[in-house]
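Student: Everything below, folded, please.
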Amino acid sequence: MYKKIILLTVLLFSEIVGIVYAVMAGVVGTILLTAFCIKKLIKKSSSPVKHVHSEDADPESSVEPRNPENSNSC
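Tutor: Got it, this is the predicted structure:
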């Protein structure tokens, strides 16, 4: 009688441990896959920035950089 109870307890425990490991593997796999996809998207979208030469730029449409000495921020 006690052997059957012990055997059922061990089987139930091993099944619960298996489910826990499967859930953990799914969560870790999802995190790694998401990080991999984000890394690929960042690499793909980071193209070299083309700078416009000052002699080609229209002086009326160009934006002057802010002077940090004149800013009123803290």
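Student: where are the low-confidence patches of this structure?
Tutor: 46-74 (pLDDT under 70).
Student: All the helices of it, in order from the start?
Tutor: For the chain, the helices defined by DSSP state H cover 2-45.
Student: quick one: Lys44 and Phe36, what's the gap?
Tutor: 13 Å (Cβ to Cβ, to the nearest Å). In this view, the C-beta of every residue, glycine as well, is placed from N, C-alpha and C.
Student: How about Glu15?
Tutor: 31 Å.
Student: How about Val28?
Tutor: Taking Cβ to Cβ, one finds Val28 at 12 Å from Phe36.
Student: repeat for Val10
Tutor: Distance from Val10 to Phe36, by Cβ to Cβ: 38 Å.
Student: got it, and Tyr2?
Tutor: Distance from Tyr2 to Phe36, by Cβ to Cβ: 50 Å.
Student: Give me the more crowded residue out of those two.
Tutor: Phe36 (10 against 6; other Cβ atoms under 10 Å).
Student: what about Ile19, neighbour count?
Tutor: 10.
Student: For it, which residues are in contact?
Tutor: Ile19 makes no contacts at all, as judged by Cβ atoms under 8 Å, 6 or more residues apart in numbering.
Student: Next, count neighbours for Leu12.
Tutor: Leu12 is flanked by 10 other residues according to other Cβ under 10 Å.
Student: Also the one 10 residues further on?
Tutor: Ala22 has 10 neighbours, counted by other Cβ under 10 Å.
Student: One more: Ile38?
Tutor: Residues lying near Ile38 (other Cβ under 10 Å) number 10.
Student: Repeat that for Ile31.
Tutor: Neighbour tally, Ile31, other Cβ under 10 Å: 10.
Student: How much space separates it from Lys39?
Tutor: 13 Å.
Student: repeat for Ile6
Tutor: Distance of Ile6 to Lys39, computed by Cβ to Cβ: 49 Å.
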